[in-house]
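Undergrad: Need the 3D shape of this:
(chains A and B)
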Protein chains: 2
Amino acid sequence: MAPSRDAIRATVEGYVKAVATGTVDDVLALYAPGATVEDPVGTPVRTTEAELREFYGAVEPLAQTGEVLTLKIAENSAAFLFRLVTHLGEQDLLMEVVDVMTFDDDARITSMKAYWSQEDMVTVSVSR
Amino acid sequence: MAPSRDAIRATVEGYVKAVATGTVDDVLALYAPGATVEDPVGTPVRTTEAELREFYGAVEPLAQTGEVLTLKIAENSAAFLFRLVTHLGEQDLLMEVVDVMTFDDDARITSMKAYWSQEDMVTVSVSR
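TA: Coordinates of the predicted model:
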């Protein structure tokens, strides 16, 4: 049975929050066993838990804020636009990305593909 | 060789324009032979030109306007959010959809998947 829309929405919101401010374990808890990650699309697909841990481990220590801007759900899949802001001293690195995910019956992520390129990253000066 | 970003952008802009205001032939000219269409995701994949013609033929007679809101390109793929407004007498039907496409070397569409559901359609009254 396909997961409910609310369950998918909760996973997506939880994912962006976990990537921005959570731990690797927070992120991994949202993935189903055997899940795959292609980020960005066109790079080698990560297929093992070790590869996923390495990937999300790189962003864990960063000071970030995240926000889901648009979420479209179709059956057991979702495509969403989100903004991730990384706070680097006197600069913010802004990224807007479209992620496409599939989900299992428990709304755990079974695959993730991220659509973005260098062009979608902008650095802005901030006064803090 | 992957198509250039500008070529992909031109195909995406041309696609939304053709769907909104063009003919079936205008839309089909943007597809590569053998292309597949899954719209919305979760429904049977259309695989023949006849199926694509039938699909786009249904919207050809409608008075519509279309706009690409966000476009993310990664290698030979793109994900984009677009708005399609169908003008129905004293009502407008607004749809916002995320499409994911892959492209051949000539930036022709080789596959399209559309992420949306009933929830993404809104009817608004207009005075004309």
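Undergrad: who in chain A is up against chain B?
TA: A:5, A:40-42, A:70, A:72-81, A:96-98, A:100, A:114-117, A:119-120 (C-beta under 8 Å from any C-beta of the partner chain). C-beta here means a position set from N, CA and C on the backbone, and glycine is covered the same way.
Undergrad: From those, list just the buried residues.
TA: Buried members of these, counted by 16 or more other C-beta atoms under 10 Å in any protein chain shown: A:5, A:40-41, A:72-81, A:96-98, A:100, A:114-116, A:120.
Undergrad: returning to what we had before: now, the residues of chain A next to chain B that are in helices?
TA: Judged by DSSP state H, the subset of the residues of chain A next to chain B located in helices is residue A:5.
Undergrad: So which of the residues of chain A next to chain B belong to strands?
TA: The members of these that map onto strands under DSSP state E are A:70, A:72-74, A:77-81, A:96-98, A:100, A:114-115.
Undergrad: now the helices for chain A?
TA: Using DSSP H, helices in chain A cover A:5-21, A:24-28, A:49-57.
Undergrad: most neighbours per residue, which of those?
TA: helix A:5-21 (a mean of 18; mean count of other C-beta atoms under 10 Å in any protein chain shown).
Undergrad: That one - contacts with which helices or strands?
TA: Contacts defined by 3 or more C-beta pairs under 8 Å, 6 or more residues apart in numbering or on different chains; DSSP states H and E place helix A:5-21 against helix A:24-28, strand A:64-74, strand A:77-88, strand A:91-103.
Undergrad: Residue A:126: how many residues sit nearby?
TA: 11 (other C-beta atoms under 10 Å in any protein chain shown).
Undergrad: Return the distance of it relative to residue A:15.
TA: As judged by C-beta to C-beta, to the nearest Å, residue A:126 and residue A:15 stand 25 Å apart.
Undergrad: what residue ranges in chain A score low on pLDDT?
TA: Applying pLDDT under 70 to chain A flags residues A:128.
Undergrad: let's see it at 90
TA: The model of chain A has pLDDT under 90 over residues A:1-2, A:89, A:126-128.
Undergrad: Please list all residues in contact with residue A:93.
TA: A:85-86, A:121-123 (C-beta atoms under 8 Å, 6 or more residues apart in numbering or on different chains).
Undergrad: Brilliant, that's me finished.
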